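K.L.:
the sequence and its predicted three-dimensional model are supplied below.
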Amino acid sequence: MKFFISRKERIILTAIEIISDLGFQGLSTKEITRRQEISDGTLYKHFKSKEDIILGALDYYAKFDDSIKESIEISRLSSEDSIKFFFKMMIEYYENYPAITALVVIQETLEHERNIGEKSKRIFNDRSNLIMHYIEKGKKAGELRTDIDSEVLTDIILGSIREIILKWRMSKFNFPLKERAMNTLEIILKLYR
């Protein structure tokens with residue numbers, strides 16, 4: 001069975017690969033056209049600018065967020081299981097497409113780019129607010145301690161997962177990301193039950 005990937009999606013995937021290989025500063029339309037073996041005209045037929053390509057990459061980075069949230073709501077999982085499910089799905093996505101994790105570690109860099117920074121911040125805040133929502137829900141349901149600050153626990157969870165992703169990238173993807181991330185998440189949640 002063959003899967004069809006549109007030219008536009010291939011350009012986005014190439015941009016993500018370039019960011020992963022060369023960093024944000026290495027991303028250029030020239031590098032994209034070279035790797036895709038396309039003309040500038042073909043590139044600009046699909047995107048008005050480099051900024052549009054990066055916005056498309058951010059959309060690609062966050063494309064499963066709504067589906068994961070919907071699955072959690074439909075499944076009526078406990079708060080703790082909701083948090084675990086969210087990260088399990090995200091980590092599986094990252095393991096299947098390691099280059100996408102470059103967008104996790106460059107979020108601070110993206111913050112300084114006008115429209116790109118706004119979109120990056122929105123994705124980050126949406127994920128943070130979702131985890132905080134599940135923590136609050138868990139506190140009300142008696143699943144998590146009520147004496148903890150929900151925002152602090154959210155920061156601990158997200159910061160730990162981000163650190164693990166950074167280490168995974170720096171090790172050239174040399175350890176099982178899902179196992180390390182989920183074990184860390186389990187330890188954190190256990191401390192706050």
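P.N.:
Sure thing, it's come through.

K.L.:
which stretches of the chain form helices?
P.N.:
Ranges of helices within the chain are 7-22, 29-36, 40-46, 50-61, 65-75, 79-96, 102-105, 107-110, 114-140, 150-170, 177-191, based on DSSP state H.

K.L.:
what angle do the longest one and helix 50-61 make?
P.N.:
Right, helix 114-140. Interaxial angle of helix 114-140 relative to helix 50-61 (axes from the mean of the first three to the mean of the last three C-alpha atoms, to 10 degrees): 20 degrees.

K.L.:
and the gap between the residue lying closest to E186 once chain neighbours are set aside and L185?
P.N.:
Spatial nearest neighbour of E186, chain neighbours left out: K84 (7.7 Å); criterion: C-beta to C-beta, 6 or more residues apart in numbering. C-beta: built from backbone N, CA, C; applies to glycine. From K84 over to L185 the distance is 6 Å, taken as C-beta to C-beta, to the nearest Å.

K.L.:
so for these two, which sits in the more crowded spot?
P.N.:
Neighbours per residue (other C-beta atoms under 10 Å) separate K84 from L185, with L185 holding more: 21 against 17.

K.L.:
ok now do the closest residue to the more buried one other than its chain neighbours, which residues does it touch?
P.N.:
Once flanking residues are discounted, L185 sits nearest to F87: 5.7 Å by C-beta to C-beta, 6+ apart. Applying C-beta atoms under 8 Å, 6 or more residues apart in numbering, we find F87 in contact with 161, 181-182, 185.

K.L.:
next one: G117
P.N.:
Contacts for G117 were tallied using C-beta under 8 Å, 6+ apart; they are 110-111.

K.L.:
just for the chain, where's the confidence low?
P.N.:
1-3 (pLDDT under 70).

K.L.:
go ahead and confirm A57 touches I19.
P.N.:
Yes - with contacts counted by C-beta atoms under 8 Å, A57 reaches I19, the gap being 7.3 Å.

K.L.:
all good on my end, thank you.
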